[in-house]
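Enquirer: pasting a predicted model and its sequence here:
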Amino acid sequence: MIDSAVILAAGRGERIWPYGETKAKAALPVGNVPIIAHQIRCLRSLGVRKFAIVTNHLEQQVKSAVLNERVDDAVFITQTDLNGPACGLMLALEELKDDPFYVLYGDVVATIESYKALHDAWRPKLDAATLVHKMSQEEPSDWFCAGVADGQARSVSSHSRSSPPHRLCGVAILSGKAREYVRAHPGMTTRLDVGAMPPMEADLSQTLQDMVDSGETVGAVETRDLFIDVDKPWHLLEANQEMAEYHNRGLRRNEIADGAEISEKAEIHGPIRIGPQSRIGSGVIIEGNVTIGSHTTLTKGALVGRSIIIGNGAKIREYCKLGSRSVVGNDCIISHCAEFEGVLMNGVYLYHYCKLSGVIGTATDIGTGTVTAYVRFDEMPVTHTVRGRKEAPRVGGNETYIGEYCRTGVNAIMMPGTKVGPYSILGPGTIASKDIPSRTLVLAKQEQITKEWGPERYGW
């Protein structure tokens with residue numbers, strides 16, 4: 001039995017802007033549940049009871065997410081110097097004396113099936129075991145990768161130009177022997193292509209590399225179903241879309257809680273799960289495989305696609321349209337012919353004929369007629385710049401990413417791939433064709449021409 005785990009959740013989340021500035025990555029919502037809460041639920045189902053949580057950036061958000069899971073035996077460690085997750089693990093090992101133990105990066109989303117596969121593969125003869133994900137269209141140069149053969153990691157490479165088809169997942173089981181390799185970490189990545197430029201940052205992949213190079217036995221277990229490392233904003237979109245589909249896939253029949261009401265004049269074309277005191281009204285059309293929280297209403301002709309998660313206290317109404325594989329947070333309002341597809345965090349308002357696609361942050365108010373475009377005239381993908389590096393995301397690159405606590409005015413338009421920083425406003429009639437910095441007000445400057453006019457202009 002493995003009853004202890006370390007979760008590394010100290011990072012600043014700079015690459016996931018515009019969300020990391022106001023939300024700890026481990027507290028970002030996936031399927032309306034913080035990432036770290038997903039991790040804790042999976043581990044607890046496998047018998048883990050003790051948790052050491054390493055925090056720094058917006059650490060109270062992480063603590064809140066953990067304590068809301070009613071974890072009684074949790075220790076929080078503040079990593080004051082953000083010099084890499086392996087350094088955070090060193091701090092945690094001073095508190096955690098149990099062997100073996102799980103270690104997780106706090107921003108990875110995996111299924112219980114993956115955790116169970118890793119758990120079942122553990123044997124006392126192993127010195128470590130790591131979860132690996134088989135890449136398809138992903139670029140090895142974006143990730144830490146592993147060469148895998150006969151259920152073992154045979155090599156580790158870092159952001160290589162050419163690499164084996166598996167990437168490390170940031171989820172592992174370490175033995176007592178592995179502790180010594182963690183403590184001996186050189187503080188940077190050493191297995192590199194010629195000409196590479198590693199940061200002075202201690203990643204856990206180096207520990208696995210050192211163990212493999214020394215002949216230790218490191219097991220490698222492939223993920224089951226979805227796996228997303230939530231590193232950039234489009235990964236947050238992808239994780240929510242995949243979770244919405246995964247969460248609703250098992251619905252075979254309706255699951256209707258006490259106090260829920262469904263009108264006989266609603267059209268429901270597949271199984272739904274609906275929470276207490278929620279209501280589906282007349283004229284609503286639901287494609288099916290949809291989960292609806294408590295005290296939520298769907299009324300007045302709302303159109304709802306497939307594989308959707310809707311939170312508590314939401315109002316979906318008045319001929320609005322909600323696209324498939326979307327996630328709607330708690331207390332959101334989608335109303336009066338608004339169209340949306342993607343992720344709404346808690347408390348987002350979409351009123352009156354707006355059309356949006358992407359991720360919209362907490363408590364953002366979208367004005368009438370706001371539109372986000374997601375197809376360019378040349379039909380080419382948008383290239384984003386993340387910390388000075390250009391990339392064209394495989395999924396979600398053309399969507400819009402609006403940070404928390406923002407507002408848009410009437411008829412604001414955002415071009416494909418636009419990102420809007422938190423605490424910002426796009427005024428009426430503005431057209432955003434590039435990213436909007438945090439804490440920024442954008443207003444359109446109108447040039448007016450005034451002339452005399454009257455009936456004489458019409459021949460009177």
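Expert: It's in. Residues are numbered from 1 along each chain as shown.
Enquirer: quick check, central residue of this protein?
Expert: For the chain, the residue nearest the mean C-alpha position is residue 236 (2.7 Å; Cα atoms, centre = their mean).
Enquirer: and the contacts of the helix or strand where that one lies?
Expert: Residue 236 belongs to helix 233-249 when elements are defined using DSSP states H and E. The contact list for helix 233-249 (Cβ atoms under 8 Å, 6 or more residues apart in numbering) reads 16-19, 28-31, 109, 111, 225-226, 228-230, 273, 289-291, 306-309, 325-327, 342-343, 358-359, 393, 395-397, 399, 401, 419. Every residue, glycine included, has its C-beta placed from N, CA and C.
Enquirer: check which residues of it are buried.
Expert: 233-248 (16 or more other Cβ atoms under 10 Å).
Enquirer: and of these, the nearest to residue 426?
Expert: residue 233 (17.4 Å; Cβ to Cβ).
Enquirer: ok, now how distant is the closest one from residue 399?
Expert: 9 Å (Cβ to Cβ, to the nearest Å).
Enquirer: mutual contacts of the two, please.
Expert: residue 359.
Enquirer: so what are the domain limits for this structure?
Expert: As assigned by automatic domain parsing, the chain contains the domains 4-231, 254-442.
Enquirer: tabulate those domains (CSV), appending distance to residue 450 and mean neighbour count.
Expert: Output for these, formatted as CSV (distance: least, Cβ to Cβ, whole Å; neighbours: other Cβ atoms under 10 Å):
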stretch, distance to residue 450, mean neighbour count
domain 4-231, 40, 19
domain 254-442, 19, 20
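Enquirer: nearest to residue 457 among these would be which one?
Expert: domain 254-442 (27.8 Å).
Enquirer: where's residue 221, which helix or strand?
Expert: Taking DSSP H and E as the definition, residue 221 sits inside strand 218-222.
Enquirer: show me what that strand is packed against.
Expert: Judged by 3 or more Cβ pairs under 8 Å, 6 or more residues apart in numbering; DSSP states H and E, the packing partners of strand 218-222 are helix 112-121, strand 128-134, strand 144-149, strand 152-158, helix 204-213.
Enquirer: with distance to residue 75 and mean pLDDT as added columns, please give these in TSV.
Expert: Listed next are the helices and strands packed on strand 218-222 as TSV, based on distance: least, Cβ to Cβ, whole Å; pLDDT from 0 to 100:
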stretch	distance to residue 75	mean pLDDT
helix 112-121	21	97
strand 128-134	22	96
strand 144-149	27	90
strand 152-158	29	88
helix 204-213	19	93
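Enquirer: the strands in the stretch 1-150 of the chain, which residues?
Expert: Per DSSP state E, counting those that start in this stretch, the stretch 1-150 of the chain carries strands over the ranges 4-9, 29-30, 33-34, 50-55, 74-78, 101-105, 108-110, 128-134, 144-149.
Enquirer: and residue 165, which of those strands is closest to it?
Expert: Closest of the strands of the stretch 1-150 of the chain to residue 165 is strand 128-134, at 5.8 Å (criterion: Cβ to Cβ).
Enquirer: how about residues contacting the closest one?
Expert: Residues contacting strand 128-134 (Cβ under 8 Å, 6+ apart): 110, 114, 117-118, 121-122, 146, 148, 153, 165-175, 178, 208, 211, 216-223, 227.
Enquirer: what angle separates it from strand 218-222?
Expert: Relative orientation of strand 128-134 and strand 218-222, computed by axes from the mean of the first three to the mean of the last three Cα atoms, to 10 degrees: 30 degrees.
Enquirer: neighbouring strands - and their directions - for strand 128-134?
Expert: Strand pairing for strand 128-134, using DSSP bridges, gives strand 166-174 (antiparallel), strand 218-222 (parallel).
Enquirer: could I get those strands as TSV with distance to residue 8?
Expert: Putting those into TSV (distance: least, Cβ to Cβ, whole Å) gives the following:
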stretch	distance to residue 8
strand 166-174	8
strand 218-222	19
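Enquirer: export those to a markdown table and tack on mean pLDDT?
Expert: Shown next, in a markdown table, are the strands paired with strand 128-134 (pLDDT from 0 to 100):
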| stretch | mean pLDDT |
| --- | --- |
| strand 166-174 | 95 |
| strand 218-222 | 96 |
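Enquirer: tell me which of those sits nearest to residue 348.
Expert: So among the strands paired with strand 128-134, strand 166-174 is nearest, using Cβ to Cβ, at 29.6 Å.
Enquirer: which is the next helix or strand following that closest one?
Expert: The helix or strand immediately downstream of strand 166-174 is helix 176-183, counting by DSSP H and E.
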